[in-house]
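Student: okay, predicted coordinates and the sequence, questions at the end:
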Amino acid sequence: MPSSTVKEHSAHFPSPKAAFRQSYILAGHRSLVGASLARIRSSRNGICALLALFFVCAISVTAQTLKARISVVSSDPAKVRVDLEFPAPATKISIRNSYGGALGLAERIELIEGTRQAQQVEVRKKAPGEFDATEKFDRISYYVNATQPLRPGQLAQISWLDSQQGLLLLSDLIPYLVEGIKVSSAEVELNLPAGWSVESNAVRINAQTFVTRDVDKAVFVLAPKLRRIEFRGPAPKYSLINVGKWPFSEKDAVKLIQRFLDEYERVTEFKIKDGATVMLLPFPGDVGPENWSAETRGDTVVLFVGNKEKKKRVLSRLGIALSHELFHLWVPNSLDLEGDYDWFFEGFTLYQALRSDLRLGLISFENYLQTIARLYESYRVSPDRDRMSLIEASERRWSSGTSSVYEKGMLVAFMYDLMLKDSSNCAGSFNSLYRELFRLPPARHRNANETIISLLNGRVESRNLTAKYVEGKEPIDLERFLSAYALELRTEKGKGTLRSKKEATQEQRKFFRCIEKGD
């Protein structure tokens, strides 16, 4: 899903990615050390209001805008009411029934009612998410069961709320099709419980009204206590939306985010033009930071992290999540590529995040090696690891239940990194792959897999690597591969370890130090 990438972590009913992520977190990230300006107000409020008004006018001219009022009815049971007004009468609507690994979203809709000129119109359910009527209607109302998802990994993926906070996503609350036409823009008014407030990545018109040009990517965070901190302005502008209490300061969080933004601008040599928003929320319950769930949706990162721990440990886990999640603002969300290439924007991006953690000193070289070793152990015991090629696994990521796009994709990235450094006498950088992607001239319908494989093969003699493991189904034999690089895998007390060979030559030790730099 190139435009929106879903991340999961779950202690119950683990998905393949959730299980992989748990092993990735535990594998060598135990020693991470975590590293704002006040929001600009007063004199700029009038300018912002004028800009917001201009934005609304632009939308009304260029597209028909759906009007929505979303009201929090109760938090226990969690329920919201949705009232919609269409720009033109319709007889049918479609509401999304799945997103990533979350299924049955439209089944949460209850008591749907349509009207036209204040006269009731009967709206029938044809199939999950599909509703129609024999007469046209221009307004419709319904309730949505917004209970917290059973799978914790879906916390950042679907709309839900409780007595402490809420996450509302237009993509699963309002129709994506009206009369067969895609809904792209909407004006949204939110009615909240007393004492609650709302922040969003949409443009604010007033305290509780927003407008968006992209319904699929509009995110709203609700809570009694939340703050928006803007930093690194004026262009691009980044925002941290902070919910609840944390054992670290907002300045700590901004500093950590800023480090990764600087790192990924350096890696890609590409600056995100319109900035981005990070929404940080406590993971529900009395849990520590090993529990987390995240999603990058367009230019917005939504991140739930358990906060019941000391400052250092929570910041460490936050750094783990951010290192991977923030890179998705670049890959795939800032790339103009078509097709399913999850093996790259998940697997290679996980490896890039690991390299960045190493370069920034957030993990030790031993942590880095242990992560690769345990990743390989997890890959080897997976029964379906080589049932499909990485390209096939990417196409069936949500339906196949395979974790190979993460595990095998990350291992292929590691192998490619070693080959690149070896062939260039350590002069080559893994970063140059991303720089070349962002330097590609604009083109329509550029195939992602063809483009990336071509770049991989053009920078180092890796045709066997991509043919065997990306396009093919051949198992990875990492022990054999590493024998040429002064590295060896050993199993001690049931755990895999990766280290340099004692009998390594001087040239091989030099190569080993090259890897250790993380660049």
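Tutor: Arrived safely. Residues are numbered from 1 along each chain as shown.
Student: so P332 sits against F345, correct?
Tutor: Yes - the pair P332 / F345 is scored as a contact, 4.2 Å apart, by Cβ atoms under 8 Å. Using the backbone N, CA and C atoms, a C-beta is placed for each residue, glycine as well.
Student: out of everything not next to it in sequence, what's closest to S424?
Tutor: V460 (7.7 Å; Cβ to Cβ, 6 or more residues apart in numbering).
Student: and the nearest residue to D342 once chain neighbours are set aside, how far from A448?
Tutor: Leaving aside its sequence neighbours, D342 sits nearest to S394 (Cβ to Cβ, 6+ apart; 3.9 Å). Using Cβ to Cβ, to the nearest Å, we find S394 at a distance of 9 Å from A448.
Student: which of these two has more residues huddled nearby?
Tutor: S394 (26 against 22; other Cβ atoms under 10 Å).
Student: from Y406, how far off is the more buried one?
Tutor: 11 Å.
Student: same question for N447.
Tutor: In terms of Cβ to Cβ, N447 sits 22 Å off from Y406.
Student: comparing those two, which shows the higher neighbour count?
Tutor: Neighbour count, other Cβ under 10 Å: between N447 and Y406, Y406 has more, with 27 against 14.
Student: which helix or which strand is home to the more buried one?
Tutor: helix 404-423 (DSSP states H and E).
Student: in stretch 271-290, which residues are buried?
Tutor: Judged by neighbour count (16 or more other Cβ atoms under 10 Å), stretch 271-290 contains these buried residues: 272, 275-284, 287-290.
Student: K310: how many residues sit nearby?
Tutor: 12.
Student: skipping adjacent residues, who's closest to it in space?
Tutor: Nearest one to K310, counting by Cβ to Cβ, 6+ apart, is P247 at 6.0 Å.
Student: tell me the contacts of the residue nearest to S424?
Tutor: Contacts of V460 were listed using Cβ atoms under 8 Å, 6 or more residues apart in numbering, and they are Y416, M419, L420, S423, S424, G428.
Student: between P332 and F345, tell me which one has more neighbours.
Tutor: Neighbour tally, P332 and F345, criterion other Cβ under 10 Å: the higher count belongs to F345, 26 against 23.
Student: that one belongs to a strand, doesn't it?
Tutor: No - read with DSSP: H, G, I helix; E, B strand; the rest coil, F345 is helix and lies in no strand.
Student: please tell me how far it sits from R444.
Tutor: F345 is 20 Å from R444, by Cβ to Cβ.
Student: now do V305
Tutor: 39 Å.
Student: poorly predicted segments of the stretch 301-450 of the chain, please.
Tutor: 399-402 (pLDDT under 70).
Student: let me have the contacts of V460 in TSV, extended by distance to A467.
Tutor: Shown next, in TSV, are those (distance: Cβ to Cβ, whole Å):
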residue	distance to A467
Y416	13
M419	14
L420	17
S423	17
S424	21
G428	21
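Student: check the residues you listed and tell me the two furthest apart.
Tutor: Y416 and S424 (12.4 Å; Cβ to Cβ).
Student: outline the domain layout of the protein.
Tutor: The record's domain parsing of the chain by automatic domain parsing lists 16-31+335-519, 33-44+225-334, 63-222.
Student: host element of E392?
Tutor: Under the criterion DSSP H and E, the helix or strand holding E392 is helix 390-395.
Student: which elements pack onto that helix?
Tutor: Contacts defined by 3 or more Cβ pairs under 8 Å, 6 or more residues apart in numbering; DSSP states H and E place helix 390-395 against helix 404-423.
Student: what packs against the next helix or strand after the helix it packs on?
Tutor: Using DSSP H and E, the helix or strand that directly follows helix 404-423 along the chain is helix 431-439. Where contact means 3+ Cβ pairs under 8 Å, 6+ apart, helix 431-439 is packed against helix 250-268, helix 448-459.
Student: so Y485 sits right up against D417, yeah?
Tutor: No - with contact defined as Cβ under 8 Å, Y485 does not count as touching D417 (10.5 Å).
Student: so S293: helix, strand or coil?
Tutor: strand.
Student: 51 is where my numbering starts, stick with that
Tutor: Noted, 51 is the first residue going forward, which turns the last one into S343.
Student: look up how far L200 lies from it.
Tutor: Distance, S343 to L200, using Cβ to Cβ: 13 Å.
Student: among these two, which residue is more densely surrounded?
Tutor: Between S343 and L200, S343 has the larger neighbour count (other Cβ under 10 Å), namely 28 against 9.
Student: may I have the distance across stretch 272-288, first residue to last?
Tutor: Stretch 272-288 has an end-to-end distance of 19 Å (criterion: Cα to Cα, to the nearest Å).
Student: neighbouring contacts of stretch 477-490?
Tutor: For stretch 477-490, contacts defined as Cβ under 8 Å, 6+ apart pick out 316-320, 380-381, 384-385, 398, 402, 405, 463, 466-467, 470-471, 496, 501-502, 505-506, 509-510, 569.
Student: also stretch 557-569?
Tutor: Residues outside stretch 557-569 that contact it (Cβ under 8 Å, 6+ apart): 405-409, 415, 418, 467-468, 471-472, 476, 479-481, 535-537, 550-551, 554.
Student: ChimeraX command for the buried members of those residues?
Tutor: In ChimeraX, a selection of the buried entries from the contacts of stretch 557-569 looks like this (16+ other Cβ under 10 Å):
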select :405,406,407,408,409,418,467,468,471,472,476,479,480,481,535,536,537,550,554
